[in-house]
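>>> Dropping a prediction and its sequence here:
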Amino acid sequence: MTTPAPAPQTDEQILEVNNIEVIYDHVILVLKGVSLSVPRGGITALLGANGAGKTTTLKAISNLLHAERGEVTKGSILFGGAEVQNLSPNDLVRRGCIQVMEGRHCFGHLSVEDNLLTGAFTRRDGQTAIREDLDLVYTYFPRLKERRNSQAGYTSGGEQQMTAIGRALMSRPKMILLDEPSMGLAPQLVEEIFEIVRKLNEEQGVSFLLAEQNTNVALRYAKYGYILESGRVVLDGEAKALRENEDVKEFYLGVGGEGRRSFRNVKHYKRRKRWLS
Amino acid sequence: MEFLNDVLVQPFADMAAAPDFLLQVLWEGLVGGVLYALIALGFVLIYKSSRIFNFAQGIMVVFAALTLVGLYEKGVPALLALPLTLAVMLVLAMTIERVVLRPLVNQPDIILFMATIGITLFLIGFGELIFGGENKVMITEQLFIPTGSIVFEPFGGFVSIEEKDLTAVIGAMVLVAALLVFLNKSKIGRAIRALGDDHQAALSVGISLSTIWVIVWFIAGVIALATGIVWGARAGVSFALEVIAFKALPVLMLGGLESVMGAIIGGLAIGILEKLFEIYWGQPLLGGNTEAWFAYMLALLVLLVRPQGLFGEKIIERV
Amino acid sequence: MNPRPDPGQLAAADDGIARGGVLLDVKNVSLAFGGVKAITDISLNVLKGEIRAIIGPNGAGKTSMLNVINGFYTPQQGTIIFRGRERRSMKPHQAVGQGIARTFQNVALFKGMSTLDNIMAGRSVRMKRNIGWQMLWHGPALREEIEHREKVEEIIDFLEIQHIRRTPVGKLPYGLQKRVELGRALAMEPTLLLLDEPMAGMNLEEKEDMSRFIIDVNQQRGTTIALIEHDMGVVMDLSDRVVVLDYGKKIADGPPDEVKNNQDVIDAYLGVPH
Amino acid sequence: MFYRTAGQFKTSYEADHALFPIRQDAFLLGVVLVFAFIIFPLTASEFTFRALLIPVLIYSLAALGLNILTGYAGQLSLGTGAFMGVGAYACYKLITIFPEMNIVVAIALSGFFSAAIGVLFGLPSLRIKGFYLAIATLAAQFFLVWLFQKWAWLYNYNASGAIQVPNIDMFGITVSGPRATAITQYYFVLCVVCVITFFAINITRGRIGRMWKAVRDMDIAAELVGINLMRSKLMAFFVSSYVVGIAGALFVFLWRGAAEANLFDIPLSFRVLFIAIIGGLGSILGNFLGAILIVALPVIIGSVPQAFGIPLDSAMVEHLNIMIIGALIIAFLIIEPHGLARFWAMIREKFILWPFPH
Amino acid sequence: QDESIYIPNLAYRTGPFAATGTPLMNGQRDYITLLNERDGGLNGVKLEYDECETGYNTEKGVECYEKTKARAVVTQPWSTGITLQVLPKSNVDKIPILAPGYGFSPMADGKVFQWAYNPPSSYWDGASMILKNISDGNLDSLKDKKIAFLHLDHPFGKEPLPLLEVLAEKHGFNLVPIPVGLTEMQNQSAQWLQIRRERPDFVVMWGWGAMNAGAITEAVKTKYPMDQFVGVWWSGHDGDLKLVGDQGKGYRSISWSVPNSEAPLMADIKKYVVDAGKSQINQGEGEFDSVFYQRGLMISVILVEGIKAAQEEFDVRNPSPEQLRWGLENINLDEARLNELGAEGMLVPFSTSCADHTGHGGGWMLQWDGAKFVKASDLLTPDRAEIEKLENEKAKEYAEANAPWPLNEECSM
Ligand SMILES: Nc1ncnc2c1ncn2[C@@H]1O[C@H](COP(=O)(O)OP(=O)(O)OP(=O)(O)O)[C@@H](O)[C@H]1O
Ligand SMILES: Nc1ncnc2c1ncn2[C@@H]1O[C@H](COP(=O)(O)OP(=O)(O)OP(=O)(O)O)[C@@H](O)[C@H]1O
Ligand SMILES: [Mg+2]
Ligand SMILES: [Mg+2]
């Protein structure tokens, strides 16, 4: 098992996760010691197969596990240098760390615009500032502006995803935990969303922790990446290095020796247990 | 034939024959309706913010009223007892949030519903332990609620309107208007509506469940107190009041579980219609006591046409 | 209560449509929700034995299209001809009776039930021992149960989900849930299988697995498949023909290569050419 | 430990479909049955029969009926009490109109009356869902209780408005009425409950049970996999109300001996609902565990202060009782929202895995 | 073997009927306490009074019955519903049921109901006395008058209906039964609208618990003349009338007991029980002087009188339930005996016999004077002729419906 690289200087890291263990329902051990860190102003990707524990890691960070009868039993989590395991989710949002949950989770009965406004719940800087940010979100996602008065429950999957991201932006976060933003989005939109991520990162210095299945895109935008397999970090490194890694190429990017494999010709490989852990 | 006459003609003939009596019936229905609406309001608020079907609303009414009267009987001046009671309701809201709701976050609706029945039982036991079971007199006069009655004499008969009922009607209107503004215009109002849709998502955007729930349960407590004062002024305060929770349920069905407007309109409609039905059809034809079920049947019929009630949120069904 | 579909009708093949004939013909269908026009006057067909892809930007009306095909939505206009029979509206369970099965964009499994039960539920229509026999269990009901269980086990083997047979599906990771959902649809032995984003949220490996299942179903069982997918690699590799929707309108229809290079499609959907 | 699954392999689907895939479960059931059929009757006092054993069985049956509807088919009902009433009044009418009728037959038939009424009030479930449906079932609750009160024919025009169970013999033994002994009634109830439970287990694990669960978990999806919603919902109402009706008939004929309309009012419905939920929705075993808890608890709590010689007056005891029950309900829901059955399953799981955790 | 006599009481101090139940239970309890404190028990045997809480709930009541019956000498079911449940069992369990002033009126027939007692007056007696009083002794004067019968929709409330129907038929008055459902006790506006519409000449009330208070407040609101409004003895609770105070002036209630705080018995109660801190009464509210508290005392007086009779007849310290049955059939609480007990005028004098389990002592009208109930009539007695016919008829019906039902042929009039 590859141990994660020793974490660099603490004040550089906006988020640090040290060796956490998560148990659901008192019995199901899901994370078996995960450590990772996100530098201030960085974009870090968290990759891994289904069920590897990406979502669990993000929820552990944002303290949303309680509602699912899960708990962090070991390890520590530091955000902006301070321990945050015992904070409530809203304290964390107030400190600037917000999660965009997997699978959209919009407020179905609220209009798209009200959905966005709920994102500003923790803000104290007045109506005009909030209005300005709303307009900003609308410039990022023009489609939302068109549907601003529809009930979110009736909008399409992609529109809901945009709403969820837009809603997070409304809290003016320092750091966004983005869980599978590309799921179910049209290719064009995937690019757009990642472009927005890049823009926010560059223009406003927002840090990102991205959990993604779409390794290809994720590694193009992220600077650093961690690969998670059944609750453990099995590989990490600079995005560029990961892209060059043979295993990553083979199993995550789908490029074998002779370029991209066709989905039509896939054979049934037994490819479990590749990284000896 | 005679049957048709009894059902379709005679009742209306009776109404026309004694218009003053009809007016009185309508007024009684209206007052009853306002009370139902008030209880329903408490339900709606809590349902909206947590999808909890708070069965304990009925007992909260009793509890609030008993606390008020109990404090007064212990020698606390009425005008001090009122804020003290509010404080008690706040403590109650906080306790419920801490002990019951927080550990049950994200559980299925029915579990939370059961939990509120648990709360109901607890409060019944607790309340009787402290206040005893006897019927108490509401401290109407001490709270400066007028107690006289106004008598009109239209159509050669008379219609008598209790001043305290009138106060209740006006008070309820004000309360509702305030609530509507609060829910639709304020940030907390929006958060309350968001919470109802998705607890997790609400948590993730930084809405504090605990705070909102305490606020909501406290408001429900205030509404309960208002209901308790009004209803207690009519019939005294005792644990027999707890059954009024059941009068509010059809109102909710009719008006829609999440709608403040619905609670009001549903309450008034049910109050008036059930009284008319009881007086002009129920008593002469069915042996009376139809109020026990009329509202439910009416609401059921409405639901068959609109499954989410008149003003409820449409159930979103997508795949 | 309507009678159960008769078994002859359920048997997959044998409806006189040859491979390559028109199995499903959607004609001039329009669907609107209040002011939102989800589908505007779209016609498309699905040939027997092919894999047909439906793509388009988010909110284009793809899911709505599937919903129209299997009877969940009733279009305001247009007709649908399936296996030579025309209809505009029917109940979803009747569509199943005619041989249409589907999976869902947001997994719609029966969360409290095990994998096995979920897939068995897919066979409910085909089981017919009444409540009397069920009460006694031993005898005909058990025999029937075992008979169907064998079929279901075949599917479980095929999808390689033996190890989660007894796990409540609510606890499964997303990828496996999608697979179970496919299994449930297969258990219905459909003539036409509708897949709504079967690979969303999967990593490459799982996409490859899923692709293989889809191809196998199509080739070995001869099931016609219509699928919605956003991964262009998958769409291009698997499908025989692709239809592109945009804001409820059809903007292109044809073989993958042709569609891929269509400028409208690039503008509306792909962004950069792939 | 006891729960060793090692060495127990299934060689056919038939074996896999057996009621107890694990041998120890069958053994455990055997033990429980021996207790129920032999040990309890030998040792129990009349008070135990009447205040504990018989009510536990009858309430279990009622909860089983409700559980079919709510736990399996997902349709929340708050009107169980009234449906029990239908069974009871139907049985009363049958017995008084046909005094020669065997009581078993009368009870079995009376279930059909409540089943029919159940289906009637189940019709709205095709359109109405969730809590709206729950409140709608209250319409049945209030209407039926009102009817029991107003329709004098139902109680044979008794002045008191109550029904009174006459002495009824079966094979020369009095099974019902004031002369029946507690032990006969106990055996009678026990047999009925066993038979119905057996049927219920079979129905819920087969095709119909699956359909119900599918409707419960996601009715749209159920419809889209070809399940006829109307059919399965109404069938759930039918079967559930049938069982509840039987429970109602037993309630009055084999236990209470007399009943007035108010007996079938809301508190009864709620008590049955509590049993089903505390026991565990969607579980057969849970009903029994729940009934034991809800029926036995007050009896036990009530006798604790006495046992310790604490001089509390009865009102105080009752107040504390209500408070404790309320608090316990909340506590149980928090500890295990899925009920005692799940609790038991977890313990069992631990035994199976023992001594290796995780 | 017990050195004390175990007297269970199926009491209710909780629930919607607690308001009226509590003072009665307090009274019952305090009389027993008095005997134990002052006299060291009854003929030297301690009395063990034990309450089992029913909340006026029939189911709980039966549970209490089962729980206490092993040691009990008597059953005090305290609700017509519970009485009806335990009545059929009395022949099997052989424990006498004592239901003073409630229960099933035909229980008067001791031949049929060997184990049940409802002295000193039954509901039918009560109904008859009320009619007699409002018609000034001549029921025919009620001809064409309208009498509304406002009652709890419960076995208790329905009890007098058969008699009232017979009398209405016979004397030509117009009976309008108005039921009040358990859920509507506190909000009777529909019932009182009906009363306003029907304009009855009299309203007769069979109410209990929260229903009384509800009715009286509504009556005030509807401006129904209070002096035409009469209730049964359970509808004459001071607490209910205090809600309306002065406005309830003129309301009457028939009663077979009258509070008399001046009586020597009351002085003893005060001295040995209340002031000794052994009572649960709410002194601040004036419960000591209330009708219900003092009636509760009288109920225990009746029971103790029965036990005493049994002790003396069979010469035992601790009579068995069957011996108590004899005792209850041989109560003789005449005026002299009442005086001897220090309870002058607090209870109607009566005596029971094997055939007559009620005694039919009659009653007085109590009237609310704005602050308390005062005696407002001479002793009234029921019209036995009509009642007896009906009693026999209904008792026979009951026995037939519950066949095999043993009759006590030994009794003769
Ligand atoms: N509430 C829960 N209770 C029990 N187990 C859970 C719960 N949530 C997740 N799990 C289990 O934890 C493991 C990790 O799940 P997680 O959702 O974190 O994976 P993921 O990497 O985000 O996968 P995906 O790509 O499918 O989103 C899975 O095996 C899952 O079954
Ligand atoms: N039941 C409904 N009520 C109202 N509007 C609806 C409903 N179903 C779909 N819509 C609207 O119809 C449009 C098409 O939706 P649809 O779900 O078919 O999109 P899609 O092509 O599947 O998109 P995606 O790729 O994001 O899933 C959307 O704008 C959506 O808001
Ligand atoms: Mg995830
Ligand atoms: Mg879609």
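Nice, thanks for sending it over. Ligands and ions are numbered 1, 2, ... in the order given.

>>> what's near enough to touch the nearest residue to A:Asn201 once chain neighbours are set aside?
Spatial nearest neighbour of A:Asn201, chain neighbours left out: A:Ile43 (5.6 Å); criterion: C-beta to C-beta, 6 or more residues apart in numbering or on different chains. For glycine as for every other residue, the C-beta is placed from the backbone atoms N, C-alpha and C. Taking C-beta atoms under 8 Å, 6 or more residues apart in numbering or on different chains, we find A:Ile43 in contact with A:Val197, A:Arg198, A:Asn201, A:Ser207, A:Phe208, A:Leu210, A:Tyr221, A:Ala222, A:Lys223, A:Tyr224.

>>> list the contacts for the last one?
In this case it means A:Tyr224. A:Val38, A:Pro39, A:Gly42, A:Ile43, A:Thr44, A:Ala45, A:Asp236, A:Gly237, A:Glu238, A:Ala239.

>>> in terms of contact, does the fifth one touch A:Phe208 like I think?
Yes - look at A:Thr44 against A:Phe208 with C-beta atoms under 8 Å: they come within range, at 6.9 Å.

>>> which residues do the two both contact?
In contact with both A:Thr44 and A:Phe208: A:Val38, A:Ala222, using C-beta under 8 Å, 6+ apart.

>>> Setting aside sequence neighbours, what's the nearest residue to residue 262?
Just going to use chain A. A:Ser262 sits nearest to C:Asp237 (C-beta to C-beta, 6+ apart), 4.9 Å away.

>>> The intended chain is chain D.
Leaving aside its chain neighbours, D:Asn262 sits nearest to E:Leu182 (6.1 Å; criterion: C-beta to C-beta, 6+ apart).

>>> what sits against the one you found?
B:Val243, D:Asn262, D:Asp265, E:Pro16, E:Leu152, E:Asp153, E:His154.

>>> Try it again at 10 Å.
B:240, B:243, B:289, B:292, D:145, D:149, D:261-262, D:265, E:16-17, E:56, E:152-154, E:157, E:209-211 (C-beta atoms under 10 Å, 6 or more residues apart in numbering or on different chains).

>>> Okay, the residue nearest to A:Ser262 and A:Gly80: tell me how far apart.
45 Å (C-beta to C-beta, to the nearest Å).

>>> Run the chain-centre distance for stretch C:49-64.
12 Å (C-alpha atoms, centre = their mean, to the nearest Å).

>>> That one near chain B at all?
Yes - against chain B, stretch C:49-64 shows contacts by C-beta under 10 Å from any C-beta of the partner chain at C:Thr63, C:Ser64.

>>> quick one: is that stretch near chain D?
No - judged by C-beta under 10 Å from any C-beta, stretch C:49-64 stays clear of chain D, getting no closer than 12.5 Å.

>>> Model confidence for the residue nearest to D:Asn262, exactly?
As predicted, E:Leu182 sits at a pLDDT of 79.

>>> quick one, strands of the stretch 151-300 of chain D?
Secondary structure of the stretch 151-300 of chain D (DSSP state E, counting those that start in this stretch): strands at D:162-164, D:168-170, D:173-176, D:258-260.

>>> Quick check: buried residues in the last one?
Buried residues in strand D:258-260, defined by neighbour count with 16 or more other C-beta atoms under 10 Å in any protein chain shown: D:Ala258, D:Ala259, D:Glu260.

>>> and that strand, which strands flank it?
Note on strand D:258-260: by DSSP bridges, its sheet partners are strand D:162-164 (antiparallel).

>>> any idea of the mean pLDDT in the strand it pairs with?
For strand D:162-164, the per-residue pLDDT averages 85.

>>> contacts for that strand?
For strand D:162-164, using C-beta under 10 Å, 6+ apart, the contacting residues are D:88-89, D:91-93, D:95-96, D:148, D:154-156, D:158, D:177-178, D:252-253, D:256-263, E:58, E:80-81, E:84-85, E:87-88, E:154-155, E:158, E:398, E:401-402.

>>> Nearest residue to the closest residue to chain E within the stretch 151-277 of chain A in space, please, no chain neighbours.
Nearest residue of the stretch 151-277 of chain A to chain E: A:Gly153, at 37.8 Å (C-beta to the nearest C-beta). Nearest residue to A:Gly153, sequence neighbours excluded (C-beta to C-beta, 6+ apart): A:Gly108, at 3.0 Å.
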